[in-house]
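Participant: Structure for the following, please:
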Amino acid sequence: MEILRRDTVLFDRFRILQYVTAGGQSFAYKAQDLHAPASKPWTQHVFVKQYHDISPSSQEAHALKGHFERLNTRLTRWANRICLPLRVDEAFGSVISIFPWINDRTLDEELNSGIAPQDAARYAFALVSTLTRLHRESVAHLDLKPKNVVFTRRRADSPGYITLVDFDAAQIDGTGLRAYALGTEYFNSPEHSHQSRLGAPSARSDVFSLGILLCLLLFGEHPYCHTTTSYADAIENGLYSLKSSGYHFEVVSMIEQCLRPLPLERPSSQALLSIFNKHHHSMLRVRDPSEEWVRTPSRQWAVHLTSLETDRPFKRHYYHSVELDSTQMRGSRIQLHTSLARIECGYDSCWIVIMDDSLGVLINGRPLHNGDWIRLESTQQVQIASTRFALEASKMN
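Facilitator: Predicted coordinates:
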């Protein structure tokens, strides 16, 4: 491919003005639309992406064009809330997308300069509303982060609105351009990194990332900024922290639910929007002390696995999410070559997810197969092959 230079003209219409930035998949430029009417000055500039990870005329190139065509068809009526390409084509030995130029500030820039509380609440509501509209159309963005949220104002004194950008990783009806949606560290969900165990990223992954953005807007800090472990471990084990605030307890409780490690335990974007609608008139804040939110420590769980076979004593204690593999089952009768199951400790419950059923797994007499799961409530009777265990989950606080 040939790197685009200043004054290069694309498709006899777009003249490159300057290089903007580079990413893991593309180079970005600002260009002038030579056909833009003088009566519409806001259309005179465009944003150009030159993909360096896609070969022209390849299957990936055709998929990219079809991807954006489907998004444009699906999201036409929400065009004022999203930014999709005006054209996807090939030139200079590369695949190129032309987008409208949005000459405004990203959420990242807004956060760095400071946001007034009333503006933060309004932006949060707009973000939840926009994501809900995407999900209603069976579209998941899957790369929500401050740099992909742009605040647009028609006038300096207008409240403005938000626009979501960068839909390269988006899924339509559960299908995206790439087999794996990677997301961005510090904003991606647990399933972005553990698809084989938690399932492929989905709309619930957007909800997790949205929870982080709402924390930045409403509380002024990242929910995992105080953890002493890695971000991957922190999100997998729910090691977030939120500052006490004057927001209504229903609002904060719902944001907490967005950050749960298990996708099934997170609310839908519609449920989140319902709570925001309920408290929109008060800018999400309390009206009397009974509605205040008091920060309490996250609940921790202790899970005990004990052999019921008198000739082979075995007992293990787990205090966080863990895979039952040969190491964790050492000392029992069970011989494992792969992980048998995964114990997931969420905020208010524990689950066991079967990963390998070749030995035969029964819980309370019910056979479970690969991919099946069950909530752990008090003591369960577990049989693996012919060996019986008691599996007990209890809250530590």
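Participant: And stretch 371-380, how far out from the chain middle?
Facilitator: Stretch 371-380 sits 26 Å away from the centroid of its parent chain (C-alpha atoms, centre = their mean, to the nearest Å).
Participant: what's next to it, contact-wise?
Facilitator: Applying C-beta atoms under 8 Å, 6 or more residues apart in numbering, the external contacts of stretch 371-380 come out as 303, 343, 349-354, 357, 363-364, 366, 368, 390-394. Every residue, glycine included, has its C-beta placed from N, CA and C.
Participant: Please name the residues that touch residue 162.
Facilitator: Residues in contact with residue 162, defined by C-beta under 8 Å, 6+ apart, are 81, 123, 126-127, 130, 149-152.
Participant: quick one: it from residue 218, how far?
Facilitator: As judged by C-beta to C-beta, to the nearest Å, residue 162 and residue 218 stand 15 Å apart.
Participant: about what we covered before: so which of the contacts of residue 162 comes closest to residue 6?
Facilitator: Closest approach to residue 6 among the contacts of residue 162 (C-beta to C-beta): residue 150, at 24.7 Å.
Participant: so how far is residue 194 from the closest one?
Facilitator: 30 Å.
Participant: Please identify the helix or strand for residue 182.
Facilitator: Assessed by DSSP states H and E, residue 182 sits outside every helix and strand.
Participant: Pull out the buried residues from the contacts of stretch 371-380.
Facilitator: Buried members of the contacts of stretch 371-380, scored by 16 or more other C-beta atoms under 10 Å, are 303, 343, 349-354, 363, 368, 391-393.
Participant: Let me know the pLDDT of residue 180.
Facilitator: Looking at residue 180, its pLDDT is 74.
Participant: typed the wrong thing, it's residue 109
Facilitator: 91.
Participant: Which element is encountered next along the chain beyond the helix or strand it falls within?
Facilitator: Using DSSP H and E, residue 109 maps to helix 107-113. Sequence-wise, the next helix or strand downstream of helix 107-113 (DSSP H and E) is helix 117-136.
Participant: what does the helix or strand that that following helix is followed by rub up against?
Facilitator: For helix 117-136, the following helix or strand on the C-terminal side (DSSP H and E) is strand 139-140. Strand 139-140 is touched from outside by 71, 74-75, 134, 170-172, 201-203, 205-206, with contacts defined as C-beta under 8 Å, 6+ apart.
Participant: Let me know the closest of those to residue 109.
Facilitator: Minimum distance to residue 109 across the contacts of strand 139-140 is 22.0 Å, recorded for residue 206 (C-beta to C-beta).
Participant: ok, the closest one - how many residues close by?
Facilitator: Neighbours of residue 206 under the rule other C-beta atoms under 10 Å: 26.
Participant: still on that earlier bit, next, the residues that contact the helix holding residue 109 from outside, please.
Facilitator: By C-beta under 8 Å, 6+ apart, helix 107-113 touches 105, 123, 146-147, 149-151, 213, 216-217.
Participant: quick one: low-confidence ranges for this protein?
Facilitator: Counting by pLDDT under 70, the chain has low-confidence residues at 153-160, 294-299, 346-348, 397.
Participant: mind running it again at 50?
Facilitator: Residue ranges of the chain with pLDDT under 50: 297.
Participant: would you list every one of the strands in the stretch 1-150 of the chain?
Facilitator: With DSSP state E, counting those that start in this stretch applied, the stretch 1-150 of the chain shows strands at 9-10, 14-22, 26-33, 45-51, 87-91, 94-100, 105-106, 139-140, 149-152, listed in chain order.
Participant: Compare those and give me the one nearest residue 251.
Facilitator: Comparing those against residue 251 with C-beta to C-beta, the closest turns out to be strand 149-152 (19.3 Å).
Participant: what sits up against the closest one?
Facilitator: Residues contacting strand 149-152 (C-beta under 8 Å, 6+ apart): 83, 102, 104-107, 110, 123, 127, 160-165, 213.
Participant: which residue lies farthest from the center of the protein?
Facilitator: The centre of the chain is farthest from one residue, residue 311, which by C-alpha atoms, centre = their mean lies 47.6 Å away.
Participant: Over to it. Which of the three states is it?
Facilitator: At residue 311 the chain is in coil, as set by DSSP: H, G, I helix; E, B strand; the rest coil.
Participant: So what does it look like in phi/psi?
Facilitator: phi -90, psi 0 (degrees, to the nearest 10).
Participant: How about the one 4 residues further on?
Facilitator: Comment: the main-chain dihedrals of residue 315 come out as phi -150, psi 130, following degrees, to the nearest 10.
Participant: Okay then, goodbye and thanks.
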